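Asker: no FASTA, just this:
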């Protein structure tokens, strides 16, 4: 076989090998980019779930506070309707002061019975 054919075959082999290597590298870069995009989407979804959970907890807490505010308002209305307050210019009697102090402290009203104990569950 003549030498120029060997040189031509060698050059052709280098060209094809280099081109093939370049193509494989391009495929690898594309796969890496796809992995990055997939991870970013996964992170975005996870963050959205955290935001949704935080918003749900916030709304639950807000509703609890709103309910407590209604109870306190009802109690204040009940206490203020007593003849003691209508007939005099006095703000709070002893019951009113206890109720106000309990509401501020976040403790149950000492003038009201405590909630019932939950029923025992499970085996002893």
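Answerer: That came in fine, so what should we check first? Given the structure is predicted, the values throughout are model-derived calculations rather than measurements. Numbers count the residues shown, from 1 in each chain.
Asker: residues contacting residue 48?
Answerer: Residues near residue 48 by C-beta atoms under 8 Å, 6 or more residues apart in numbering: none. C-beta here means a position set from N, CA and C on the backbone, and glycine is covered the same way.
Asker: give me the mean pLDDT for the helix or strand hosting it.
Answerer: Per DSSP states H and E: residue 48 is located in helix 3-80. Across helix 3-80, pLDDT averages out at 84.
Asker: and residue 96, how far from residue 81?
Answerer: 11 Å (C-beta to C-beta, to the nearest Å).
Asker: between those two, which one's more packed in?
Answerer: Legend: neighbour count by other C-beta atoms under 10 Å for residue 96 and residue 81, higher for residue 96 (20 against 10).
Asker: does the more buried one sit in a helix or strand, and which one?
Answerer: Using DSSP H and E, residue 96 falls in helix 94-105.
Asker: buried sites along that helix?
Answerer: In terms of neighbour count (16 or more other C-beta atoms under 10 Å), helix 94-105 has its buried residues at 95-96, 98-100, 102-103.
Asker: burial of residue 75, as a residue count?
Answerer: Using other C-beta under 10 Å, residue 75 has 19 other residues around it.
Asker: which residue is nearest the middle of this protein?
Answerer: Centrality entry for the chain: nearest residue to the mean C-alpha point is residue 54, 2.3 Å, by C-alpha atoms, centre = their mean.
Asker: and that residue, what does it touch?
Answerer: Applying C-beta under 8 Å, 6+ apart to residue 54 gives no contacts.
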